[in-house]
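Participant: the following comprises the amino acid sequence and a computationally predicted model.
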Amino acid sequence: QVQLVESGGGLVQAGGSLRLSCAASGRTFSSLIMVWFRQAPGKAREFIAGISRTGRGTYYADSVKGRFAVSRDDAKNTVYLQMNSLKLEDTAVYYCAADPTGSFDFITVRGKYDYWGQGTQVTVSS
């Protein structure tokens, strides 16, 4: 079992920045691929960023590439999502998820993940 707790969401103006955190417990953190998804009202949950077990591999959705950065701190069992140049369309609930298989295959597929956090709301205002 893996427990995930997100934090860092809030209200920010367009063009601003936020950093989300996701603290993991219950399993060796360095064995987990960690990803971020988001879900806007009335829309499906979508993949936005992922990071490999070593941290050397990252992958982003086109919609956030160049604006968001995912990182991990294994000493703190935490994955981060630095969000810059935020846009109105970034408003959503943001979720982290974990995959213990270690494979980067299909990381964008929601069904790959058994472990999810409760989500943190990010609201971007004009």
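Facilitator: Yep, it's here. Numbers count the residues shown, from 1 in each chain.

Participant: tell me which element W36 is part of?
Facilitator: Using DSSP states H and E, W36 maps to strand 33-39.

Participant: okay, now the sheet partners of whichever helix or strand comes after that strand, with direction.
Facilitator: Counting by DSSP H and E, the next helix or strand C-terminal to strand 33-39 is strand 46-51. Sheet pairing for strand 46-51, assigned by DSSP bridges, gives strand 33-39 (antiparallel), strand 58-60 (antiparallel).

Participant: identify the bridge partners of the residue nearest to the spatial centre of the chain.
Facilitator: The centroid of the chain falls nearest to W36 when counting by Cα atoms, centre = their mean (2.2 Å). W36 has these beta-bridge partners by DSSP bridges: A49, C96.

Participant: roughly how far does it sit from S126?
Facilitator: Distance, W36 to S126, by Cβ to Cβ, to the nearest Å: 24 Å. Quick note: C-beta positions are derived from backbone N, CA and C, even for glycine.

Participant: again with I48
Facilitator: With Cβ to Cβ as the criterion, I48 and S126 are 21 Å apart.

Participant: looking at these two, which one has more neighbours?
Facilitator: I48 (25 against 7; other Cβ atoms under 10 Å).

Participant: I figured that one hits W36, correct?
Facilitator: Yes. At 5.1 Å, I48 counts as touching W36 under the criterion of Cβ atoms under 8 Å.

Participant: now for those two: what residues contact both?
Facilitator: Shared contacts of I48 and W36 (Cβ atoms under 8 Å, 6 or more residues apart in numbering): 81, 94.

Participant: sorry, back to before: isn't the residue nearest to the centre of the chain up against L20?
Facilitator: Yes. Proximity of W36 to L20 meets the contact threshold set by Cβ under 8 Å, at 7.3 Å.

Participant: what touches both of these two?
Facilitator: What both W36 and L20 touch, as defined by Cβ under 8 Å, 6+ apart, is the set 81, 94, 96.

Participant: nearest to G42 among those?
Facilitator: Using Cβ to Cβ, Y94 comes nearest to G42 of these, at 16.3 Å.
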